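> show me how the following folds:
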Amino acid sequence: MDARHNHRVPCPSPTPAAVPSVSLVIPSSGDGEAVAEAVRNAVAVLPAVAADYEIIVVAHPPSDRATRGGWPECVRFAAAQPGSGYGTALRAGVGAARMELVIVADAGVPWDVSDLRYVIALATQHDVVAARVASGSRAVFSRVLWAGYRSAARVLLGAWARDPGHSLLALRREHLGRIEPRSDGEFASAEVVALARHARMSVETVRLAGRAPQALARTGLRRALADLPTAVADLIRFWWARTLFPGDEAIAQRKTAGFWTGLVLLAAVSAALLFPRLSYPFLEPDEGRYGEIAREMLASGNWMVPTVNHRPYYDKPPLFYWLVAASFRGFGATEWAARLVPACASLLTVLATYVFGTRLLGVRAAFLGSVAMALSLVFVLCGRLVILDSLLTAAVSIGLFAGFEAIRCGPFRWSWWIVASLASGVGVLTKGPVALVLLVPPLAAYGWLHRGAARITALRWLVHAALAASVSAPWYAALVAHDSAFAYHFFWKHNIQRYFAGAFHPKPFWFYAPVLAIGGFPWSLLVPRLLRFLFRVPHGTPTPRARELGFMVLWAGWCLLFFSLSRGKLPSYILPAAPALALVLGAYLGVLLAPRDNASPLGWVRFPDRGLVLACALGLAASALSYRFRAGSGAHVLGECSLWAAALAGSVACRQRGGGRATWLVYCTVACAVTLPLAQHVFPEWAARSTPAGAEL
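This next block holds a predicted model:
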């Protein structure tokens, strides 16, 4: 501290003409001389612009010298933890403020009377005022980095972003509870501004004409690289957890009646789509191969080593074969018995999505989303094929739902974590390590993005791995002991090389875009408005996007990204994303179908475009023309034509009137008209004609 401040200095009397009282908060950055200079500057300026004032210095903690004296009487200290960041200091100083107007100023910035009078005058007219001082001669690359950061903040938040070290923030004391920042770092002041704008407060951002001193402005590349990662991390957390998915409960009507009615109805619809006409011939090569493995396993009694044509088959783990073999034992070695396993797994996925979705997003969103998934072509087709993906989807979905229940709020819940761990083990025993790859990143990302989530410590991950290994590791260990070639063949060739080298089924990165567009028809027509619903930045209106919805976006996004990055692709690989996509769609539809007085600002459902009308017309024509290519009577064709005709009439009516519930019924009708005939008639007939003779069991 300067020698002039070694004795107690009385504060100058405030100017009576100044209207507001001011608390000036100066977060200390550890530079005592900069803080002393800021205090001297404030003591010289504040009496001319404030009716009453105090100066709060946030120290880590305040030094013994500070407590002995040497400071003006108007200076008080607020303690902060050693090593804490700007955000922590800001909260400590603002919490200690007692005056009407709170101003947070960086230590070392030379405020003069005109600047402070200008900011205070603005603060009497606005709820929040954010002022910046030019950064002087900061290193060029550092300035470029922070300019990119500020641009990203504007895009993500629609708010001004703070350049650390050279800003001033003025806000009214009565608003502190609504805009308190959570960030510990340099992002805190930008967080205050963003929260104020989201709350529809009056916000004014200005750039002052002065320049920071060279000693403060000379922030080099090392400092920029040290500060920027923390600021970017805080920006991403705030954008995701407090802007997009802040935890509002507008769509989570957990006490809505009709849960059991919805469950029974959903089970009936799913069963009607999945179980009829499962006895058509196996498709080659996958269905015939997996059916033969289960048959040989049952015939030989060797349940440890999967074989096809009496040769070891190490491509996949055995759980799916065990279940198919058990079905063969109970119902006979038929196509129907083999397909019963994936059909039951798909039904379990639908019901689990509904049950957990009700807990997370409410009955309405869970029911609408589950019905949409049950009526999706790609989901129903995969659920009626003898492939492993339906069983993997059931295991991964239950694991992710249970894992999220364990961490989503409050204390960590071990019971749900154990369920998630056991489900992971089932997934690893179904298709290998991909089950863990699909489960771990969404849970870890949610825990990082949401500070209120229970922390998944290293011990908890270790317990998860141990429980999952207790289910799956015995078979892997036994097979490695039986044949050392298994490890290379399974882990390297059919996991690493399949993913990175595209040794099997090579496809381009964008392969899953048309798969989702066609397999998710007609729901895929809602994608543009669904994306707007998910990523629209709110300004003053409460968003209906709960934090649980954010987890579904993480789940679906990671699954789609992971399989899109893979060099080898098949349409069924992305099936584990279906439950999350369904609940996201259900949440959107639930908002759109809400009563007008409780509806989202997005308003009623509006018909996407003429595409659905055209699709209905084409579907009606195709059903009428397909009679000559199908076996049997025309009863099925007549039913399909009736569905398409009803959908066409409904789509035309909805284009004219635009009713929300009517549009939902049209989408369900179109989905039935697409999925039901293709899954139960067209696809089985095509399989019967394309399967080589002798492929049946």
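> surely residue 128 meets residue 178?
No - counting by C-beta atoms under 8 Å, residue 128 stays clear of residue 178, with 10.6 Å between them. (Glycine included, C-beta is placed from N, CA and C.)
> shared neighbours, these two?
Residues touching both residue 128 and residue 178 (C-beta atoms under 8 Å, 6 or more residues apart in numbering): 196, 201.
> between these two, tell me which one has more neighbours.
Of the pair residue 128 and residue 178, residue 128 is the one with more neighbours under other C-beta atoms under 10 Å, namely 24 against 12.
> how much space separates the more buried one from residue 686?
64 Å (C-beta to C-beta, to the nearest Å).
> for residue 445, give me the pLDDT.
Residue 445 is assigned a pLDDT of 95 by the prediction.
> leaving out chain neighbours, which residue sits closest to it?
residue 554 (5.2 Å; C-beta to C-beta, 6 or more residues apart in numbering).
> secondary structure element for that neighbour?
Following DSSP states H and E, one finds residue 554 within helix 547-565.
> just name the shakiest helix or strand of the chain by mean pLDDT.
For the chain, counting by mean pLDDT, DSSP states H and E, helix 214-217 ranks last in confidence among helices and strands (a mean of 41).
> okay, helices next: where are they in the stretch 1-150 of the chain?
Counting by DSSP state H, counting those that start in this stretch, the stretch 1-150 of the chain has these helices, from start to end: 32-45, 64-68, 86-96, 113-123, 140-157.
> test my guess that residue 117 contacts residue 46.
No - at 10.3 Å, residue 117 and residue 46 do not qualify as touching, with contact defined as C-beta under 8 Å.
> more neighbours, the two?
Neighbour totals were compared for residue 117 and residue 46, and residue 46 leads with 26 against 16 (other C-beta under 10 Å).
> distance of that one relative to residue 99?
Separation of residue 46 from residue 99 (C-beta to C-beta): 11 Å.
> how about residue 366?
Computed as C-beta to C-beta, the residue 366 to residue 99 distance reads 50 Å.
> who has more neighbours, the two?
The neighbour comparison of residue 366 against residue 99 (other C-beta under 10 Å) goes to residue 366, with 28 against 18.
> now the more buried one: which helix or strand?
Assigned by DSSP H and E, residue 366 belongs to helix 363-374.
> and that helix, average pLDDT?
92.
> surely residue 56 and residue 22 touch.
No - taking contacts as C-beta under 8 Å, residue 56 lies outside contact range of residue 22: 10.7 Å.
> which residues in the stretch 251-400 of the chain form helices?
Taking DSSP H, counting those that start in this stretch, the helices of the stretch 251-400 of the chain run over residues 259-274, 286-300, 319-331, 335-361, 363-374, 377-383, 389-407.
> those: which one's closest to residue 244?
helix 335-361 (15.3 Å; C-beta to C-beta).
> chain center to that closest one: distance?
23 Å (C-alpha atoms, centre = their mean, to the nearest Å).
> give me the helices and strands touching that helix, please.
Secondary-structure packing of helix 335-361 (3 or more C-beta pairs under 8 Å, 6 or more residues apart in numbering; DSSP states H and E): helix 259-274, helix 286-300, helix 319-331, helix 363-374, helix 377-383, helix 389-407, helix 547-565, helix 578-592.
> rebuild the ones you listed as JSON lines, extending it with distance to residue 155.
Output for the helices and strands packed on helix 335-361, formatted as JSON lines (distance: least, C-beta to C-beta, whole Å):
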{"stretch": "helix 259-274", "distance to residue 155": "40"}
{"stretch": "helix 286-300", "distance to residue 155": "44"}
{"stretch": "helix 319-331", "distance to residue 155": "45"}
{"stretch": "helix 363-374", "distance to residue 155": "29"}
{"stretch": "helix 377-383", "distance to residue 155": "33"}
{"stretch": "helix 389-407", "distance to residue 155": "29"}
{"stretch": "helix 547-565", "distance to residue 155": "18"}
{"stretch": "helix 578-592", "distance to residue 155": "22"}
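> which ones are touching the closest residue to residue 456 other than its chain neighbours?
Of all residues not flanking residue 456 in the chain, residue 447 sits nearest, at 5.3 Å (C-beta to C-beta, 6+ apart). Neighbouring residues of residue 447 by C-beta under 8 Å, 6+ apart: 407, 453-456.
> for residue 447, what is the enclosing helix or strand?
Assessed by DSSP H and E, residue 447 sits inside helix 434-449.
> how about that helix: buried residues?
434-443, 445-449 (16 or more other C-beta atoms under 10 Å).
> what's the closest of these to residue 690?
For the buried residues of helix 434-449, the residue nearest residue 690 by C-beta to C-beta is residue 434; the value is 29.0 Å.
> check what pLDDT residue 291 gets.
At residue 291, the model reports a pLDDT of 92.
> that one: neighbouring residues, count only.
Neighbours of residue 291 under the rule other C-beta under 10 Å: 26.
> same thing with residue 27?
Using other C-beta under 10 Å, residue 27 has 28 neighbouring residues.
> again with residue 332
Counted with other C-beta under 10 Å, the neighbours of residue 332 add up to 10.
> would you mind measuring from it to residue 488?
Separation of residue 332 from residue 488 (C-beta to C-beta) stands at 37 Å.
> and residue 268, by the same measure?
For residue 268, the distance to residue 488 equals 47 Å [C-beta to C-beta].
> and if you look at residue 34?
According to C-beta to C-beta, residue 34 and residue 488 sit 62 Å apart.
> those two - which one has more neighbours?
Using other C-beta under 10 Å, the more surrounded residue of residue 34 and residue 488 is residue 34, with 19 against 11.
> which stretches of the stretch 501-650 of the chain form helices?
For the stretch 501-650 of the chain, helices defined by DSSP H, counting those that start in this stretch occupy the ranges 512-519, 527-535, 547-565, 578-592, 611-625, 635-657.
> let's have those helices in CSV, adding distance to residue 467, mean pLDDT and mean neighbour count.
Shown next, in CSV, are the helices of the stretch 501-650 of the chain (distance: least, C-beta to C-beta, whole Å; pLDDT from 0 to 100; neighbours: other C-beta atoms under 10 Å):
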stretch, distance to residue 467, mean pLDDT, mean neighbour count
helix 512-519, 32, 91, 17
helix 527-535, 33, 87, 15
helix 547-565, 21, 94, 22
helix 578-592, 22, 91, 27
helix 611-625, 47, 68, 17
helix 635-657, 47, 68, 18
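> using TSV, lay out the ones you listed together with distance to residue 389.
Listed next are the helices of the stretch 501-650 of the chain as TSV, based on distance: least, C-beta to C-beta, whole Å:
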stretch	distance to residue 389
helix 512-519	13
helix 527-535	23
helix 547-565	11
helix 578-592	10
helix 611-625	27
helix 635-657	27
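> of those, give the one that comes closest to residue 308.
Closest approach to residue 308 among the helices of the stretch 501-650 of the chain is made by helix 547-565 (25.6 Å; C-beta to C-beta).
> tell me what that closest one is packed against?
Counting contacts by 3+ C-beta pairs under 8 Å, 6+ apart, helix 547-565 is packed against helix 335-361, helix 389-407, helix 434-449, helix 512-519, helix 578-592.
> and what about residue 168, helix, strand or coil?
Assigned by DSSP: H, G, I helix; E, B strand; the rest coil, the conformation of residue 168 is strand.
> that one: neighbour count?
Using other C-beta under 10 Å, the number of residues around residue 168 comes to 22.
> tell me how far the nearest residue to it once chain neighbours are set aside lies from residue 565.
Closest residue to residue 168 in three dimensions, ignoring its sequence neighbours and counting by C-beta to C-beta, 6+ apart: residue 131, at 4.4 Å. Per C-beta to C-beta, residue 131 is found 45 Å from residue 565.
> and the gap between the nearest residue to residue 444 once chain neighbours are set aside and residue 245?
With sequence-adjacent residues excluded and distances taken as C-beta to C-beta, 6+ apart, residue 444 is closest to residue 456, at 6.7 Å. Distance, residue 456 to residue 245, by C-beta to C-beta: 19 Å.
> please apply the same query to residue 232.
Residue 232 sits 19 Å away from residue 245, going by C-beta to C-beta.
> ditto for residue 301
To residue 245, residue 301 is 52 Å away according to C-beta to C-beta.
> who has more neighbours, those two?
residue 245 (24 against 6).
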